[in-house]
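Asker: Sequence and predicted model, in that order:
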Amino acid sequence: REEANLLLDRAVDVASRLGDEVYARWDAVLALGKAGADTGAMDPHLAYRLSQCGEFTSDYIDKHFSWSRTINVLTGLSPASAVAVVSRWRDRDVSWYRELAVALWDALEAHDRVDGVLGAALMGYRFGWSLDGIIGEALSAAPTPQDRQTVLDIGVGDALVDRHSAKVWASLVANARRHGLDAGRAERALDAARARDEESAVAEPEAPARPRPDPGPPEPLGRIRAFADALAARAARQGPGFDSDGFWPEAFANIQAEDAAAFTRGALGPDGLEFYELQRFFHAFPAPWRNRLAVRKAISEAMTQFARRNGWLMTQRRDWGPSPLPSAVEWSGLTEAELVQASLEGMAEEVEWAGSDQLFNLSGFLARRLSVTQARAALDYSLALIEASMPETMGEGPWCETLAPAEDAELALAGYIWATLGAAERELRWEAAHVVRRLCRLRQDRILDELLRLATTSGAGAFVSPGLAFYIHDARQWLMIALARQLELPDPLVR
């Protein structure tokens, strides 16, 4: 009971500091951070404050906290600082460090801050990487045929250890053939994986499909032909048990190409469709129709009106499904700026009561209209509001220059590797040693030089938490073990 009371007290304390709007608030903070990213002007201090507030906010949001989006925004503000933050989070056991490392690599690649070949080396960590994706990127980035073959050999070796599916093996084989590499091992493994899949299919026959309920008589197709410019969607929703997933493909199949624009205009306006019905409509929309100028004009006009009618809906961002604004951009062919403008005009024309969640969503929506300077000023203000409730000891405490590494993302990754070579977890040190050996095989001299430089220092700098011990002798030992094992090979590729 005492433990339960203490947990309840803590929950009440956190709730009183941030409130129920915390999810929407953090979403708005990340939108401002994304708008404030500037590759020419890194801001490690702002990135550190964002990481502190994120760590603080995660206590309230718990499992719904978007670590991957937070790391992506940190990378936009300062890639090297993002690496250091994730390394210190691992050191202090914040969240799941393996997932954080994968999210970090994805963010660094998305912001084009690293050489794709490094991904093949980092897979020495058993972090649950997307093997076929990383190997594909590394093969495209490798400068020579020898390097590409080494990358493929690394991918094949990892796939054999983890017994990947036939789909992954097919991707590896396709990439090998695309680059003119020896794919013999991968092809044999693909055949074996397909054989395993066939055996599994025979051993475990599929359960008989459950009969679908009768949806009732479909909407007569003659009605569609006769009223191509009518509200087909409204007619489609009439009647019990109507199956709109089946309705739209059949409707499109019975419309002549010359009637496509009129039918599209009738289905989408003036009252239009709801968001989820729009998803079904465009999922079934015939691709050849999109090349017709009249159809494209009808779609853009209808989606502009949809944005005006559903301004508040357009401000929402969803982790659990398609978000309205990106979907509308994809469907309409309009730019994000055009749809944002239409949404804002629609909201300005109507007076509607808005709660805190909606207002925070609107803040994130408006961030798209801000310059980098304006977005950073707004981000500074929003972080200050959170910091007012945050203990000073959060994260690594008050900011100091030692928390910011040199602004080079690849050298920062060397700092991450160095920190894991001296980690308290034995298996992590072992994995880091494998990463070092792969760096040798892939001739990543800059990273290796930085690791050797770090071995001559007295710690791990910004990559470990100042309040925790760093096992520097272990780090040096495991680095030397990795290099020595590589030197034992006939072609060690070590300078």
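Answerer: Okay, I see it. Numbering: from 1, shown residues only.
Asker: which ones are touching residue 472?
Answerer: By C-beta atoms under 8 Å, 6 or more residues apart in numbering, the residues touching residue 472 are 422, 458, 459, 460. Every C-beta, even on glycine, is put in place using the N, C-alpha and C of the backbone.
Asker: could I get these as a markdown table with pLDDT?
Answerer: Output for the contacts of residue 472, formatted as a markdown table (pLDDT from 0 to 100):
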| residue | pLDDT |
| --- | --- |
| 422 | 95 |
| 458 | 86 |
| 459 | 89 |
| 460 | 91 |
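Asker: Show me which of those is closest to residue 485.
Answerer: residue 422 (18.1 Å; C-beta to C-beta).
Asker: List the buried residues in stretch 161-179.
Answerer: 164, 166, 168, 169, 170, 171, 172, 173, 175, 176, 179 (16 or more other C-beta atoms under 10 Å).
Asker: swap that for stretch 54-63, sorry
Answerer: Buried, per 16+ other C-beta under 10 Å, within stretch 54-63: 54, 55, 56, 57, 58, 59, 60.
Asker: got it, and stretch 293-302?
Answerer: 295, 296, 298, 299, 300, 301, 302.
Asker: and the fourth one, what pLDDT?
Answerer: So that's residue 299. The confidence metric pLDDT takes the value 86 at residue 299.
Asker: thought residue 141 was touching residue 112?
Answerer: No: contact criterion C-beta atoms under 8 Å: residue 141 and residue 112 do not qualify, at 11.0 Å.
Asker: Please identify which of the two sits among more neighbours.
Answerer: Between residue 141 and residue 112, counting by other C-beta atoms under 10 Å, residue 141 is the more crowded of the two (18 against 10).
Asker: any idea how far that one lies from residue 185?
Answerer: 22 Å (C-beta to C-beta, to the nearest Å).
Asker: what's the answer for residue 101, then?
Answerer: From residue 101 to residue 185 the distance is 27 Å (C-beta to C-beta).
Asker: Can you name every helix or strand that the helix or strand hosting residue 82 contacts?
Answerer: Using DSSP states H and E, residue 82 sits in helix 79-91. For helix 79-91, the packing partners by 3 or more C-beta pairs under 8 Å, 6 or more residues apart in numbering; DSSP states H and E come out as helix 44-61, helix 67-77, helix 97-110, helix 409-421.
Asker: Among these, show me which one is buried the most.
Answerer: Mean neighbour counts were compared across those using mean count of other C-beta atoms under 10 Å; the top stretch is helix 409-421, at a mean of 26.
Asker: Please name every helix or strand in contact with it.
Answerer: By 3+ C-beta pairs under 8 Å, 6+ apart, helix 409-421 packs against helix 79-91, helix 97-110, helix 118-122, helix 426-441, helix 445-455, helix 472-487.
Asker: Stretch 368-375: which residues count as buried?
Answerer: Buried, per 16+ other C-beta under 10 Å, within stretch 368-375: 370, 375.
Asker: From residue 108, how far off is the residue sitting nearest the centre point of the chain?
Answerer: Centroid check for the chain by C-alpha atoms, centre = their mean gives residue 68 as the closest residue, at 5.8 Å. To residue 108, residue 68 is 12 Å away according to C-beta to C-beta.
Asker: so where's the chain shaky on pLDDT?
Answerer: 1, 8, 10-20, 201-245, 270-272, 318-322, 351-354, 490-495 (pLDDT under 70).
Asker: For residue 295, give me its contacts.
Answerer: Applying C-beta under 8 Å, 6+ apart, the residues contacting residue 295 are 260, 261, 264, 289.
Asker: quick one: contacts for the third one?
Answerer: Think residue 264. 289, 295, 298, 299, 302.
Asker: swap in the second one?
Answerer: Contacts for residue 261 were tallied using C-beta under 8 Å, 6+ apart; they are 292, 294, 295, 297, 298.
Asker: go on, residue 118?
Answerer: 138, 410, 413, 442, 444, 447.
Asker: From residue 435, how far out is it?
Answerer: From residue 118 to residue 435 the distance is 10 Å (C-beta to C-beta).
Asker: what does residue 89 give?
Answerer: 19 Å.
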